[in-house]
Structures are given as structure tokens and as C-alpha cells.
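J.: here is a sequence together with a model predicted from it:
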Amino acid sequence: MKKISTIFFDAGFTLVRIQPSLGAVYARIAADLGVFFPADRFQEIGIKVWNEVKLPKYRDNLRSSDEIERQYWWDYNQVIVQELEQEGLRLPFEAWFEGLYEAFALPETWTELPGTTETLKALQDRGVPMGVISNWDSRLGSVLAGLGLDRFFRVVLTSAEAGFRKPHPRIFEIALEAMKATPGECIHVGDSAEDDVAGARAAGIRPVRLLNGKEPDPADACLSISTMPGLLEHLDGLS
């Protein structure tokens, strides 16, 4: 097996997560508009919609741009609000969405997952080149910079900048070209079976799945790690 020359990472829920939670941010922006609704219901429905509502026009068309990503979040949040209107939620959607869009561009809305800096620093000390491949708009770089994580990466590539969302292989190919890396000598670490595991594999890159509290899925047919520091424990075995 070839030695690992480059490691790519997903961003959302691999390197960083929302703080304190999606529901809390949603409730705060609603409260700013004079609408008070439980954060836990925003959280529950937000997760439900993310997991169950596939928004077919995006699932079937993996093209991306800042405009497409913004429209995706507009459509996603409309589904959330429609679900919660049955429970009495009434809010000015456009103003609420604009507040959310601004909030999620701020580094303080995000925090790194446990062990992230520790792991990235250890890899950097080993001289391992690293990059980010993420379904995100072009504001991701400023979020990572605000959290002090940008210093670890030679390339931060978003779907908006690549023109394609994972699992499309083209976004991986563009990242490989930017890093001057060979697919068989790379790994990609991410939390999504579809976007990260299947997407990386389609591009010839070995996937590593970050479980984030989930149970390992034999269908992934790849290394799974419970937390980011687990990558260090297995790195030599991947070489």
C-alpha cells in the first residue's frame, strides 16, 4: 500500500460544528425579530429535515456556486418553517433567513470538534500536507481563519468555488490538482457516508469516516474513527 502523501478533510461536523446548536442559533435570530419559539423544536425539526428531506433538485444536480448554495439553504429552511407552522410558528421568513445567513458566516457561530487542533498540529509536525474539501459557500475560508484553523491547510476548496458538490468526483479532482497529489496516496476524512466516503472513493481516494457518535456501518467498507485523534492512531496502518 502506498504511503499517505496528503490528507483531505471535510469541514462541517468533521472539523467544526455549530455552537451552541443549530436550534439555539435559529431561536436567537427569531427572538431578534420578536418571535419566540423553542430552540429544541428548531433543533429537532432541523435535523429531521436534513436527514429525511432530500431536496431532489439538489440531490440530483450536484452543480454548485455561491448563488446555488444560498438558494439551497433558503429552500431547506423553508421546509423547516413549514413543518413548524403546524405548531404555531409565525415569522417574517426573509428577514429571519437573512439573519441566519449572516450569523453562519461568523466564526463565533462555529467551534472546532474535540481534538481537531491537536490532531492537525500533530499531522503538521509530521510534515503531512493537508487540505479541505467541503460542500460550503466561499465564506468557509473566513470561518476557518476566525477559528485559527486555516494555518494547517494548503488548500481550502468549497463546492461553490469548485462548481460541484460532493459526492461529484470533480471537486476531489480539483483539490488533487491544487495539491499536486496522486489519488492513491491520499485519504479523505469526513462524516458523511454519501458525500465523503462514496465521493472520495469514486475519485480514487481512500476514505476515512468520522463517526461523531454514530455506530460504524459495515457498508462503508473503510476505516472509521470515533473522534479526530483516532486518525493519528491509525495513520501508520494506512500507509
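T.: Received the coordinates, thanks. Computed from a predicted model, the values in this text were never measured in an experiment.

J.: for the longest helix anywhere in the chain, buried residues please.
T.: If you go by DSSP state H, the chain has its longest helix at helix 66-85. For helix 66-85, burial by neighbour count (16 or more other CB atoms under 10 Å) applies to 68-69, 72, 77, 79-81, 83-84. C-beta coordinates here come from the backbone N, C-alpha and C atoms, glycine included.

J.: and that helix, how far out from the chain middle?
T.: 17 Å (CA atoms, centre = their mean, to the nearest Å).

J.: could you give the angle of the helix or strand just after that helix to helix 66-85?
T.: Note on helix 66-85: by DSSP states H and E, the next helix or strand toward the C-terminus is helix 93-103. Using axes from the mean of the first three to the mean of the last three CA atoms, to 10 degrees, the inter-axis angle of helix 93-103 relative to helix 66-85 is 120 degrees.

J.: tell me what the worst-scoring helix or strand of the chain on mean pLDDT is packed against?
T.: Lowest on mean pLDDT, DSSP states H and E among the helices and strands of the chain sits helix 56-59, with a mean of 76. Packing partners of helix 56-59 (3 or more CB pairs under 8 Å, 6 or more residues apart in numbering; DSSP states H and E): helix 66-85.

J.: now residue 214: phi and psi?
T.: phi -80, psi 160 (degrees, to the nearest 10).

J.: list the contacts of it.
T.: Residues counted as contacts of residue 214 (CB atoms under 8 Å, 6 or more residues apart in numbering): none.

J.: coming back round to it: CA atoms of the longest helix of the chain as CSV?
T.: C-alpha atoms of helix 66-85 as CSV (Å, rounded to 0.1, in the frame of the first residue of the first chain):
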residue,chain,number,x,y,z
ASP,A,66,-22.4,30.8,-4.0
GLU,A,67,-25.9,31.5,-5.5
ILE,A,68,-26.9,27.9,-5.6
GLU,A,69,-25.7,27.2,-2.1
ARG,A,70,-27.6,30.2,-0.8
GLN,A,71,-30.7,29.0,-2.6
TYR,A,72,-30.2,25.5,-1.1
TRP,A,73,-30.3,27.0,2.4
TRP,A,74,-33.3,29.1,1.6
ASP,A,75,-35.2,26.0,0.4
TYR,A,76,-34.0,23.9,3.3
ASN,A,77,-35.1,26.5,5.9
GLN,A,78,-38.5,27.0,4.2
VAL,A,79,-39.2,23.3,4.7
ILE,A,80,-38.3,23.7,8.4
VAL,A,81,-40.6,26.6,8.8
GLN,A,82,-43.4,24.9,7.0
GLU,A,83,-43.1,22.0,9.4
LEU,A,84,-43.1,24.3,12.5
GLU,A,85,-46.0,26.4,11.3
